[in-house]
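Asker: Structure, please.
(chains A and B)
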Amino acid sequence: MQYRTRFAPSPTGYMHLGGLRTALYAYLFAKKNNGVFILRIEDTDRERQVEGTAEIIYETLAEVGLTYDEGPDVGGPYGPYVQSERMEIYREHAEMLVKRGHAYYCFCGKEELDEQRLIHHASRVSHKYNKHCANLSSEEITRKLSEGTPCVIRQNVPEEGKVFFNDCVYGRIEVEKNTLEDQIILKSDGFPTYNFANVVDDRLMGVTHVIRGNEFLSSTPKHVLLYEGFGWEPPVYIHVPTIMRTADKKLSKRDGDAYFGDFIAKGYLKEAIVNYIALLGWSPGGEKEKFSLAELVEAFDIEGISKSPAIFDIKKLDWLNGEYLRAMDGEEFHDKALPYIKEGVKRDIDTRMVAKLMKDRVERLTEIPEQLDFIDALPDYSLELYTHKKMKTNAESAGQMLAEIFPVLERLDDWRQEAIHETLMALVERLGCKNGQILWPLRVALSGKAQTPGGGIEIAVILGKGETLARISHALGKLK
RNA sequence: GGCCCGUUGGUCAAACGGCUAAGACACGGCCCUUUCACGGCUGAGAUAAGGGUUCGAUUCCCUUACGGGUCACCA
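Answerer: You can find the predicted model right below:
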């Protein structure tokens, strides 16, 4: 049998990282087993719909490489893959369930039900619909229906007995049927509820393995009852733990840490994001941590999915992102970094050289501009920067050294890195001092900073001869 | 509150009855180095608590504590 999994988001917002990880696991599981991965859009709640968000889902999945074999925009043999286009199917199936005695029409008004819920809540009695309409006579039902009384269809849950299912992650889960409510499966507007639509669609689309967030764990017994009501075999369930921001808070829109797009904007690579979230709540077992999508497919195994929620650690993502950046070849990094270099530097510079210096020094592309801020304009700096214990320098010695450096560089016409290096090393030898004693003051004079990408020589190359000499004489003036 | 689920260092996690309880991130120290970073070495740091079962429990069972999910004409 061929395995079929699906990702079934509702188009209500941007692509959440938790959702993306669920999609990833469903994709990995399908591909690992040469199965089929399906995308289904669950748009049965018309009020929460957000225009254009289905497109974001398509785009994000395509961007990270989670290509689906069947879906709204690619078609497939079990379409349509958008729930709002399947209304007839749900109605037919709901009525089928009514005929089989596993569901019934309910004419209770929303207001009275809300009222009852409030009363129960206030008196701390656990609330459940009282099955009032389950006991209506067939004459009365026919009459109300013909009168056009607004109604819903509810699942008819037996009052005795137990239901159970075996979750691949959480094991056997068993509950008393009387703890389950007669939930609405078809709303008065004719739309199905999630709890009903997902069962019908998963069945009709041949889904063999349902991989979803564990917020659905407690409603799964109701789904199983629905399958049984139809006389269908339930799918295999694989519930995955939640991704948290802190131990008691989920990732959220407000904190700007929830959406895939947020992270791209913050300078993270899509490969690093996918790699990182794959490892949140799942472990491949070995010590390897850097995985391409293809390697994830190869390594994926539901055995490694954990039961407890995982806290999203941005520091570890930073590190992993840095690993991806460092592993890039020079050209690729240059291309990716170029927009950020241009953002930080307006002056005409050798971007390839700058990119090379930045490659091992950033974990996110967005760190680049601020690291280069000294290039366009020398910041105002304190003379204390010239004091470096290990280099044995201070403002006074720096002044002397810079005075030696200036004429030497002024005479140098070949402004390549090797030439400057040679020239300065020759100066070191002549003066009988340590490298740091001339290179440290040079760095400070050229950058006004204690920490720079590359040292004094590299900065001199980037700045060019004219600017280099200008900054040294500026320093000499300051040091007088 | 009812029902369900969870709990190994700060974080991700390995070990699925048998060792001095891996490894990674973060943190400290050292080395490398013209700074920072990278890289290398190294250090500190955990089985929530209490009962069982067992020759032996991180692992199996129970209780407690804490946390999460769910109880919608949301998904």
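
Asker: Now stretch A:278-285: buried residues?
Answerer: Along stretch A:278-285, these residues count as buried under the neighbour rule (16 or more other Cβ atoms under 10 Å): A:278, A:279, A:280, A:281, A:282, A:284. Quick note: C-beta positions are derived from backbone N, CA and C, even for glycine.

Asker: quick one: terminal-to-terminal distance for that stretch?
Answerer: 13 Å (Cα to Cα, to the nearest Å).

Asker: next one: stretch A:33-50
Answerer: 34 Å.

Asker: What average pLDDT does that stretch get?
Answerer: Mean per-residue pLDDT for stretch A:33-50: 94.

Asker: near RNA strand B at all, the helix or strand where residue A:98 lies?
Answerer: Element membership for residue A:98, per DSSP states H and E: helix A:87-99. No - if you take Cβ under 7 Å from any atom of the strand as the test, helix A:87-99 misses RNA strand B, and the best it gets is 10.8 Å.

Asker: Quick one: the strands in chain A, in order.
Answerer: A:4-7, A:36-39, A:103-106, A:152-155, A:162-167, A:171-176, A:184-186, A:209-213, A:236-240, A:243-246, A:249-250, A:310-311 (DSSP state E).

Asker: how about those in TSV, adding mean neighbour count?
Answerer: Output for the strands of chain A, formatted as TSV (neighbours: other Cβ atoms under 10 Å):
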stretch	mean neighbour count
strand A:4-7	26
strand A:36-39	24
strand A:103-106	22
strand A:152-155	23
strand A:162-167	15
strand A:171-176	12
strand A:184-186	25
strand A:209-213	22
strand A:236-240	21
strand A:243-246	16
strand A:249-250	14
strand A:310-311	16
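
Asker: which of the ones you listed has the lowest average pLDDT?
Answerer: strand A:249-250 (a mean of 86).

Asker: any idea how far residue A:3 is from residue A:166?
Answerer: From residue A:3 across to residue A:166, the span is 17 Å (Cβ to Cβ, to the nearest Å).

Asker: actually residue A:351, not the one I wrote
Answerer: 57 Å.

Asker: pLDDT score for residue A:125?
Answerer: 69.

Asker: ok, residue A:18 to RNA strand B distance?
Answerer: Counting by Cβ to the nearest atom of the strand, to the nearest Å, the gap from residue A:18 to RNA strand B is 11 Å.

Asker: now residue A:143
Answerer: For residue A:143 relative to RNA strand B (Cβ to the nearest atom of the strand), the value is 18 Å.

Asker: Restricting to C-alpha, output stretch A:371-383 in CSV.
Answerer: Only the C-alpha atoms of stretch A:371-383 are listed here, as CSV (Å, rounded to 0.1, in the frame of the first residue of the first chain):
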residue,chain,number,x,y,z
GLN,A,371,29.6,45.8,10.9
LEU,A,372,30.5,47.8,7.9
ASP,A,373,29.3,51.2,9.2
PHE,A,374,32.8,52.6,9.6
ILE,A,375,33.6,52.4,6.0
ASP,A,376,31.5,55.3,4.7
ALA,A,377,32.3,57.6,7.6
LEU,A,378,34.9,57.3,10.3
PRO,A,379,33.1,57.3,13.6
ASP,A,380,34.1,59.7,16.3
TYR,A,381,36.3,57.6,18.7
SER,A,382,38.0,57.8,22.0
LEU,A,383,41.8,57.8,22.3
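
Asker: can you tell if that stretch touches RNA strand B?
Answerer: No - between stretch A:371-383 and RNA strand B, judged by Cβ under 7 Å from any atom of the strand, nothing touches; the nearest distance is 8.6 Å.

Asker: Touching that stretch from outside, list them.
Answerer: The contact list for stretch A:371-383, computed with Cβ atoms under 8 Å, 6 or more residues apart in numbering, reads A:341, A:344-347, A:349, A:354, A:358, A:361-362, A:395, A:444, A:446-449, A:452-453, A:462-463, A:471, A:474, A:478-479.

Asker: give me the subset of the residues you listed touching RNA strand B.
Answerer: Restricting the contacts of stretch A:371-383 to those touching RNA strand B (Cβ under 7 Å from any atom of the strand) yields A:361, A:452, A:453.

Asker: I'd assumed residue A:277 was in contact with residue A:296.
Answerer: No - between residue A:296 and residue A:277 there is no contact under Cβ atoms under 8 Å: 10.5 Å.

Asker: any common contacting residues for these two?
Answerer: residue A:24.

Asker: okay, those two: which has more neighbours?
Answerer: residue A:277 (24 against 21; other Cβ atoms under 10 Å).

Asker: Which residue comes closest to the more buried one once chain neighbours are left out?
Answerer: residue A:21 (4.3 Å; Cβ to Cβ, 6 or more residues apart in numbering).

Asker: just checking, that neighbour touches residue A:280?
Answerer: Yes - between residue A:21 and residue A:280 there is a contact under Cβ under 8 Å: 6.6 Å.

Asker: Mind listing the shared neighbours of the two?
Answerer: residue A:243.

Asker: For chain A, which residue gets nearest to RNA strand B?
Answerer: residue A:455 (2.2 Å; Cβ to the nearest atom of the strand).

Asker: I'd say that residue and residue A:438 touch.
Answerer: No - the criterion here is Cβ under 8 Å, and residue A:455 misses it with residue A:438 at 11.0 Å.

Asker: More neighbours: these two, which one.
Answerer: Ranked by neighbour count (other Cβ under 10 Å), residue A:455 and residue A:438 place residue A:438 first, with 26 against 17.
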